[in-house]
Structure formats: C-alpha cells, structure tokens
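>>> I'll drop the sequence and a predicted model, then ask my questions.
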Amino acid sequence: MTLVAHINLARGFRGGERQTELLVRGLAGAGWRQRAVVRQGEPLAARLAGIPGLEIAGVAGGILQAVRALRGADLVHVHEARALQAAWLNAITGGAPYLVTRRVQQGPSHHWLNRVMYRRAARLVVLSQAIGAALRALDPGLSWVVIPSASAGLPVDRERSAAIRARFGAGFLVGHIGALVDAHKGQRQIIDVARDLQRRAPDAGFVLVGSGRDEAALREAAAGLGNLHFAGEVSDVGSYLAAFDVFLYPSRHEGLGSVLLDAMACGLPVVATGVGGIPEIVPDGEAGFLCEPGDIAALAAAILALHGDRDLCRRIGAANRERSRSYTPQAMTQRYLDIYRELLPAGITVGNT
C-alpha cells in the first residue's frame, strides 16, 4: 500500500497544525498508510500519537534529518514553509514528488531558491485566492488549486459555556481566539474597541483567548478596562465559542483564518477585517461585518449593531452554521484524496478503494 508522508516542522500548535491533524485523521479513516515527519517535543507529535496506520518520525529540526525521514514515501505533503526545503532535497535526490499546502498570505520571499522549490512541486494548494496572489507575485508561471481549511468540529460542553458566561458577567459577550501577536491578529484594536464601548454598551464584555509574545504588552495596554478579560490558553475552545455572542477577528493580514470557520460552525456572527482570504469565507453583510484594519469606529459600530439587534445576531448565526457545512474535515479530506490519486502512479494501492 502507498505511503504518504506529511511534513510539518512548525513549533507550537496553531491553525496550520490543527489542519494537518484533521487531514491525517481523515486519511486514516479512509484506510491510508501515512507517516508524519514532525519536530520532536512539539504538540503536533503528541496529538497525532495513536492514529491507526500512522508512523511518527520525530526530528530535531535539521533539514538533512528531515530528508532521511521522508525516504520510502510515495508522495510527500508539505504543510508549512520550513518543511519545503526538505521535500525539495528529497525529490531531487531520487525521492518522492511533493505537493505543498501554502497557508499564509505573507511571503514567500522573492528568492531564486523559493522559485525553484515551488516550481518543482507536483501540485500547489492554497487556502484562498489571496494566498494564490502572493505565489503569483513570486512567480507568475505558478498555478494552484484552492482548498480552504476545515472547521475542527470542536466539542461543546453547554454547562461549561454557561459557567464561562457567568464568570465574565456580561450580558453580551464578544470573543476573540488567536495567538496574542498584534502585528498579525490585531488585538490592540480590540482593546481600543472595548475602551470605546465601555460606556456606550456597559453590558458588553470582551474576552481574548490565547497567549503569545505580545501578551504582557496587551495586558498593560488594557489596564483599567473592566470590560476586557484575558482567558489565556484553554483546552475547551468549543465551549468558549459557544459562550460568545459575537466573534471579533481584526487581523492585519490573514491567509484565511480557520478559527473563523469554527466560530461560524458554532452559529456566531463575525466582525472582522476584510484582509487576505477573510472575505472569501465571510461575506460582508451576510456572515457578519467586515471593516478596514485600524478603523476602530467601524468595528465598534458593527458590534453595536449586533448588540442592539439580537434577532439579527440569531439570523446571521444560523446562516453561518449552515455555511460552515461546506467546510467540514470530510470535504477537505476528499479534495486532497482526489489530488493524491492524480499524483500517484497508476495501479498503486491507495487506501480503502
């Protein structure tokens, strides 16, 4: 049976790693034999442990060690930029062809080696047209297919969600989930919105879930705001989403924003910035409201509009729940399966076919 090797050498566990896990689990359910080349000691290795038909090759992060871990695979799937060089070296030294899933809008840097490595790929996949445009800037001759991320199907504990609402003591809870990195996720804008609305909507509370390099600076910027709370890292993300009334996501740049799909699956209206791939999954005026980055007045007005019309919140939330059905792990897995079967040699045994 064919062996597909996934390679993801990222540190930590963010959206790209969650999507890697969802795909690996989906392929395992279809009976595929897989190998995951991951960085030793990082959360992805632990989360993949025990999946049927999957072997885990932990590496220290060195490119040559990663190349050796790819040997014997029939197809290599690159899930993040750090791993691309290893897949390319493996391919040019007699190893398997590789496909690349590009998940971020920024970059890649306009370097000759990047052009060579992306040209060599058997297939390029992007999460959004916005990411594809970034690849076109690298090399106008590149082509790609769009396969969006999937919602994670996060479990929800309703009693836990009720306790979360009670903990923050707000009649209207505006939530955000993301790494606390303002240059990317724009959390300083949330602080500014909370400050603007503390008198105009005194029953509205804001909750930031996550951690990151800017946490201390953001906490300092929010000092004295009684309507904004830092929840830190949490294990029950689904229960937090279910506790919110609105999901606020003011990114400064974003390839897609897979957490938006989780928020929509929980029936939340979205207030976000219209950057990168966000408008491709959050139609303005239908799934919520999109604003320009840094436009605090517009972000605050959008939240006030939802705060003042709970029926509007419910209608948009119900539409988002239905919209999210197009972004299931099963749908994403099937689209990758179709690509794998195109790229693998004819006659090779692939999964439960």
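Yes, it's here.

>>> what's the domain layout of this protein?
Following automatic domain parsing, one finds the domains of the chain at 3-150+328-343, 158-325.

>>> and the last one, end to end?
Between the opening and closing residues of domain 158-325 lies a distance of 21 Å (CA to CA, to the nearest Å).

>>> equivalent analysis for the first one, please.
Terminal residues of domain 3-150+328-343 are spaced 13 Å apart (CA to CA).

>>> show me where the stretch 51-200 of the chain has its strands.
With strands called from DSSP state E, counting those that start in this stretch, the stretch 51-200 of the chain shows them at 54-59, 75-78, 98-102, 123-126, 145-146, 172-177.

>>> shaky segments in this protein?
346-353 (pLDDT under 70).

>>> burial measure for the closest residue to residue 39 other than its chain neighbours, as a count.
Nearest non-adjacent residue to residue 39, counting by CB to CB, 6 or more residues apart in numbering: residue 9, 5.0 Å away. Using the backbone N, CA and C atoms, a C-beta is placed for each residue, glycine as well. As a burial measure, residue 9 scores 24 neighbours (other CB atoms under 10 Å).

>>> please apply the same query to residue 341.
Per other CB under 10 Å, the neighbour tally for residue 341 reads 14.

>>> how close does it sit to residue 236?
Separation of residue 341 from residue 236 (CB to CB, to the nearest Å) stands at 37 Å.

>>> cool, and residue 125?
31 Å.

>>> residue 318 now?
From residue 318 to residue 236 the distance is 23 Å (CB to CB).

>>> those two: which has the busier surroundings?
Each of residue 318 and residue 236 has its neighbours counted (other CB under 10 Å); residue 236 has more, 16 against 12.

>>> that one against residue 163, yeah?
No: under the criterion of CB atoms under 8 Å, residue 236 is not in contact with residue 163, lying 10.4 Å apart.

>>> just the element for residue 290, please.
If you go by DSSP states H and E, residue 290 is part of strand 288-291.

>>> my bad, residue 24
Here residue 24 is assigned to helix 15-29, by DSSP H and E.

>>> next structured bit after that helix?
Remark: after helix 15-29, the chain's next helix or strand is strand 33-39, criterion DSSP H and E.

>>> put the alpha carbons of that following strand into CSV.
Extracted C-alpha coordinates of strand 33-39, given in CSV (Å, rounded to 0.1, in the frame of the first residue of the first chain):
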residue,chain,number,x,y,z
ARG,A,33,-0.9,4.4,5.3
GLN,A,34,0.8,7.6,6.5
ARG,A,35,4.0,9.0,8.1
ALA,A,36,4.2,12.3,9.9
VAL,A,37,7.6,14.0,10.0
VAL,A,38,7.3,16.5,12.8
ARG,A,39,9.5,18.4,15.2
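
>>> contacts for that strand?
With contacts defined as CB atoms under 8 Å, 6 or more residues apart in numbering, strand 33-39 is touched by 1-11, 20, 24, 27-28, 44-45, 48, 51, 53-61, 66, 69-70, 73, 83, 86.

>>> parallel or antiparallel, list what pairs with that strand.
The strands beside strand 33-39 in its sheet (DSSP bridges) come out as strand 3-8 (parallel), strand 54-59 (parallel).

>>> ranges for the helices of the stretch 101-250 of the chain?
For the stretch 101-250 of the chain, helices defined by DSSP state H, counting those that start in this stretch occupy the ranges 112-120, 129-138, 158-168, 182-185, 187-200, 215-221, 237-243.

>>> hmm, back to that, what helices and strands are in contact with the strand holding residue 290?
On a contact count with 3 or more CB pairs under 8 Å, 6 or more residues apart in numbering; DSSP states H and E, strand 288-291 meets strand 270-273, helix 296-307.

>>> so which of the strands of the stretch 51-200 of the chain is nearest residue 265?
Closest approach to residue 265 among the strands of the stretch 51-200 of the chain (CB to CB): strand 172-177, 13.0 Å.

>>> ok, residues contacting the closest one?
Outside strand 172-177, the residues that touch it by CB under 8 Å, 6+ apart are 165, 185, 187, 190, 201, 203-210, 237, 240-241, 243-249, 259, 262-263, 268, 271, 303, 307.

>>> how far does it sit from the chain's center?
Centroid separation for strand 172-177 versus its chain: 18 Å, with CA atoms, centre = their mean, to the nearest Å.

>>> show the backbone phi and psi for residue 128.
Dihedral pair for residue 128: phi -160, psi 160, per degrees, to the nearest 10.

>>> how many residues are close by it?
By the measure other CB under 10 Å, the count of residues near residue 128 is 25.

>>> quick one: it from residue 16, how far?
Applying CB to CB, the value for residue 128 to residue 16 is 14 Å.

>>> how about residue 148?
Where residue 16 is concerned, residue 148 sits at a distance of 13 Å (CB to CB).

>>> who does the closest residue to residue 293 other than its chain neighbours form a beta bridge with?
Residue nearest to residue 293 in three dimensions, not counting chain neighbours: residue 273, with 4.7 Å by CB to CB, 6+ apart. Beta bridges link residue 273 to residue 291, judged by DSSP bridges.
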